[in-house]
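Peer 1: quick one, fold the following:
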Amino acid sequence: MLATAASAFLKLNALLFILYISYTIRLHAVQVYGKVIHEFDPWFNFRATDYLVNEINARGLWDGSRAFFNWYDDKVWYPLGRPVGTTIYCGLQYTSAFIYFALGALGQPMSLNDVCVYVPAWFASFSCLFVFGMAWEVSRSFNSALAAAFFMAISPAHLMRSVAGGYDNEGIAVAAICGTFYFWVRSLRNSSSWPYGIMTGLMYIYMVAAWGGYVFVLNMIGVHAAVLIMSGRYSQNLWKSYSIFYVMGTLGAIQFPVVGYAPLKSLEQLGPLFVFVWLQLMEVCKRYERANPDISQRRIHDYYMLVFGGAMVAGLVGIMLFMPRGYLGPISARVRGLFVQHTRTGNPLVDSVAEHQATRDEMYYQYFHIVCYLAPIGFVSMFFNLTDQKLFVIAYTAISMYFSRKMIRLILILAPASSVVAGVALELVITWSITQHLEDLDEPADPVTAKSAAAKNAKKGQVKKVKKGGDRASHPLFQELSEIYSENLMLRKVLAGVWLFMSLSGLLYYWVHCHRMAENLSSPSIMLMARSKTGEPVIIDDFRESYWWLRDNTPEDSRVLSWWDYGYQINGIANRTTIADGNTWNHEHIALLGRALVSPVKKAHRIVRHLADYVLVWSTRYGNMWGDDIAKSPHMARIGGSVYKDIKPEDFYQDQNGKPSEMMRKSLIYRTVNFRLDPSIPQFPPDTFEEVFTSKNNMVRIYKVLRVSAKSKAYCSEGRGYKAWYSGKPLLEAYPPGLKKILSQKQDFKQLEDFNRRDEVEEE
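Peer 2: Below you'll find the predicted structure:
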């Protein structure tokens with residue numbers, strides 16, 4: 001009794017320690033750079049959270065929430081604006097606001113900035129706890145569950161989106177994914193566990209609020225349910241659990257404006273609906289069987305055919321009715337990118353995003369390390385003593401592995417699955433290794449007797465296998481292998497020792513590797529660490545320095561034109577109006593921005609003077625960082641050319657020696673990045689652009705737009721973007737008349753996979 005209590009106490013403390021290290025390993029950025037929001041998207045999330053908190057403080061929870069969901073932000077996507085409240089996954093904002101107010105109510109106030117910085121690190125511990133639960137459901141082993149939680153706690157694949165300061169949706173979404181999957185497999189444990197389907201539905205609703213990746217979660221559970229049915233593992237428990245989850249989850253999901261009725265209309269989400277219908281039909285048929293126990297198999301078969309045949313006819317009629325009316329939405333370009341090669345989705349905007357690139361083989365070792373070797377062992381072990389929970393882990397691991405190959409950022413969803421199978425594998429390896437060294441304690445001391453006993457036991461085992469397994473067990477090869485395994489205890493001890501040494505040393509290296517990766521992944525990108533000439537570490541703060549300059553030296557109503565990557569930071573730090581940002585909701589608007597940046601200076605000025613007061617560009621190549629606006633400019637040309645056909649992307653390039661093409665050399669983006677720093681770049685034409693700021697290390701440059709159209713600025717200040725959106729009119733009315741000629745040349749971008757559109761010929 002005492003030994004059991006001591007064991008439970010040690011295991012509980014081991015779990016608490018794992019949760020502790022999952023938190024502390026993510027604090028490197030705070031320790032080095034301070035409590036700073038990282039990257040680009042987190043700045044939008046912080047700004048939206050700040051808006052929500054201010055509205056709740058001013059109006060109360062209910063009215064403040066209404067104001068948040070009705071928020072139309074006219075400081076972004078100028079002159080269109082953006083209906084933020086209806087286009088945002090608000091779970092992150094509400095989670096942080098709740099923590100902020102809760103800490104204040106408990107007498108432990110923390111600034112909103114600090115809450116947002118720490119949220120990803122806090123939720124990483126919840127992710128580990130749910131992974132622990134998943135591993136327990138699969139293995140029924142506390143040791144396997146501890147190992148899985150350990151791998152998840154410090155996995156670089158998880159760290160990449162959960163370091164302190166990385167205030168992005170995935171920071172809480174991973175915990176929501178793991179929680180949804182844990183409650184799902186828990187609901188399938190036995191015939192009385194279906195009420196956990198309620199928790200699955202609630203956690204899924206939180207997942208929907210948190211991140212657009214909810215589509216993966218929905219389909220993953222749908223695939224698992226379908227696999228269970230097809231493998232003959234249908235049960236009333238499955239029917240109850242899935243029905244509760246799907247109905248509750250879907251009703252919750254459609255409450256969020258950003259989702260709407262997509263779960264019932266989008267091709268990406270109709271699969272789980274079909275599984276739901278399938279389960280209802282199965283239950284109808286099963287109840288018929290139970291109500292008529294004496295009926296013949298032929299009658300049962302005919303009943304199944306009648307039920308499923310009728311459902312298929314009804315489904316076909318529904319498709320014929322709704323398809324021509326455009327009810328069903330097309331597969332999005334981002335999802336389409338999971339099934340075609342990167343840069344071939346048909347959407348140059350999607351293809352331009354670096355994190356949408358395919359994952360290279362070497363990245364798996366970088367992000368998973370020893371898990372790369374343990375996971376296959378654990379994955380194979382799932383096929384033995386198969387259960388519903390193990391089938392889920394098999395499906396989850398295989399599908400997430402496929403998607404992680406297609407897109408770098410989706411390595412994230414493989415982290416929980418790989419941690420579970422690696423945890424199971426680690427316990428198998430260590431347990432087997434220790435068992436071999438303890439086995440001789442039960443064997444006779446005399447080697448001859450031991451060998452004879454081993455051979456005898458092996459022979460008995462063969463007889464049993466023949467009776468149970470038939471010809472396979474009696475095959476000479478299996479007999480020979482069984483004898484070799486039974487008789488060579490010393491060989492097994494040696495192998496066990498090697499396995500044990502490799503496992504323990506691998507874990508040590510994994511610990512070191514993960515902490516090194518944590519440091520690398522904790523760089524906030526808005527601040528950089530470098531070395532001075534004397535070798536001392538220095539922080540390069542050019543980006544914030546530039547945004548602070550805009551904040552302190554430009555009028556509050558100033559409009560800043562930059563490539564869309566930097567829009568969130570300009571809004572969040574400089575508090576200035578931007579032309580576009582990372583939401584990328586309007587392809588044609590970004591194409592107009594791209595056209596302005598890749599056009600010759602005078603032509604570009606004819607566009608820019610109607611939209612902006614300042615132009616900001618990144619020139620980081622002068623700080624030995626080559627991913628600046630020159631590197632991104634071919635994407636600008638491709639996106640611009642997808643709408644404005646006079647832009648020829650093939651003419652916009654740099655050769656192998658870095659020499660620009662004639663079109664690139666004359667472009668606004670090339671001139672603003674290199675002006676004055678490259679002696680070959682001439683002065684700007686009169687009354688076009690004037691340099692007003694260059695950061696300390698020449699990494700950011702700001703130009704004032706001359707001869708700004710006051711008429712266009714006054715026209716856009718009347719809130720025409722909001723009025724057009726609210727009344728359902730074309731957003732083109734928001735653009736100033738001075739751009740009418742330019743806009744008349746555009747051809748709206750059409751997704752290749754949008755089967756609802758009609759070609760112009762058909763419309764005529």
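
Peer 1: what is the end-to-end distance of stretch 154-163?
Peer 2: 11 Å (Cα to Cα, to the nearest Å).

Peer 1: pLDDT weak spots in this structure?
Peer 2: Along the chain, the model assigns pLDDT under 70 to residues 323-346, 350-356, 439-475, 477-478, 481, 485, 487, 751-764.

Peer 1: so what does the longest helix belonging to it touch, helix or strand wise?
Peer 2: Looking across the chain with DSSP state H, the single longest helix is helix 489-521. When contacts are defined as 3 or more Cβ pairs under 8 Å, 6 or more residues apart in numbering; DSSP states H and E, helix 489-521 sits against helix 142-154, helix 156-159, helix 411-438. C-beta here means a position set from N, CA and C on the backbone, and glycine is covered the same way.

Peer 1: CSV for those, including distance to residue 348 and mean neighbour count?
Peer 2: What follows is the helices and strands packed on helix 489-521, written out as CSV (distance: least, Cβ to Cβ, whole Å; neighbours: other Cβ atoms under 10 Å):
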stretch, distance to residue 348, mean neighbour count
helix 142-154, 36, 26
helix 156-159, 29, 27
helix 411-438, 24, 23
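
Peer 1: out of those, which comes closest to residue 542?
Peer 2: helix 156-159 (25.9 Å; Cβ to Cβ).

Peer 1: helices or strands next to that closest one in the packing?
Peer 2: Packed next to helix 156-159, using 3+ Cβ pairs under 8 Å, 6+ apart, are helix 361-368, helix 411-438, helix 489-521.

Peer 1: give the contact list for residue 75.
Peer 2: Residue 75 is in contact with 81, 571, 575, 576, 577, 578, counting by Cβ atoms under 8 Å, 6 or more residues apart in numbering.

Peer 1: looking at the helices and strands packed on helix 156-159, which is closest to residue 287?
Peer 2: Of those, nearest to residue 287 by Cβ to Cβ is helix 411-438, at 35.2 Å.

Peer 1: ok, residue 97 touching residue 56?
Peer 2: Yes. Assessed by Cβ atoms under 8 Å, residue 97 is found in contact with residue 56 at 6.5 Å.

Peer 1: so for these two, which sits in the more crowded spot?
Peer 2: Applying other Cβ atoms under 10 Å to residue 97 and residue 56 shows that residue 97 carries more neighbours, namely 25 against 20.

Peer 1: are we agreed that the more buried one is in a helix?
Peer 2: Yes. Counting by DSSP: H, G, I helix; E, B strand; the rest coil, residue 97 is found in a helix.

Peer 1: could you export the helix or strand following the longest helix of the chain as PDB, CA atoms only?
Peer 2: The first helix or strand that comes after helix 489-521 along the chain, using DSSP states H and E, is strand 528-531. Coordinates of each C-alpha in strand 528-531 appear next as PDB, following Å, rounded to 0.1, in the frame of the first residue of the first chain:
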ATOM      1  CA  LEU A 528      17.200  40.900 -33.800                       C
ATOM      2  CA  MET A 529      20.200  39.700 -31.800                       C
ATOM      3  CA  ALA A 530      23.700  40.400 -33.300                       C
ATOM      4  CA  ARG A 531      27.300  40.800 -32.300                       C
END
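
Peer 1: what's the nearest residue to residue 269 if we skip its chain neighbours?
Peer 2: Closest residue to residue 269 apart from its sequence neighbours, by Cβ to Cβ, 6 or more residues apart in numbering: residue 263 at 4.8 Å.

Peer 1: can you get me a residue count around residue 259?
Peer 2: 20.

Peer 1: how about residue 369, phi and psi?
Peer 2: Note on residue 369: backbone dihedrals following degrees, to the nearest 10 are phi 50, psi -120.

Peer 1: what's near enough to touch it?
Peer 2: Here residue 369 is in contact with 156, 509, 510, 513, 514 (criterion: Cβ under 8 Å, 6+ apart).

Peer 1: so which helix or strand takes in residue 109?
Peer 2: Going by DSSP H and E, residue 109 is not in any helix or strand.

Peer 1: show the contacting residues for it.
Peer 2: By Cβ under 8 Å, 6+ apart, the contact list for residue 109 reads residue 103.

Peer 1: rerun at 10 Å
Peer 2: The neighbourhood of residue 109, defined by Cβ atoms under 10 Å, 6 or more residues apart in numbering, consists of 100, 101, 103, 115.

Peer 1: filter the residues you listed down to the buried ones, PyMOL style.
Peer 2: Applying 16 or more other Cβ atoms under 10 Å to these, the buried members can be selected in PyMOL as follows:
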select buried, resi 100+101+115
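
Peer 1: okay, among the contacts of residue 109, which ones form the most distant pair?
Peer 2: 101 and 115 (9.8 Å).

Peer 1: what lies in contact with the helix or strand containing residue 723?
Peer 2: Residue 723 belongs to helix 720-727 when assigned by DSSP H and E. With contacts defined as Cβ under 10 Å, 6+ apart, helix 720-727 is touched by 72-74, 77-83, 86, 719, 729-736.
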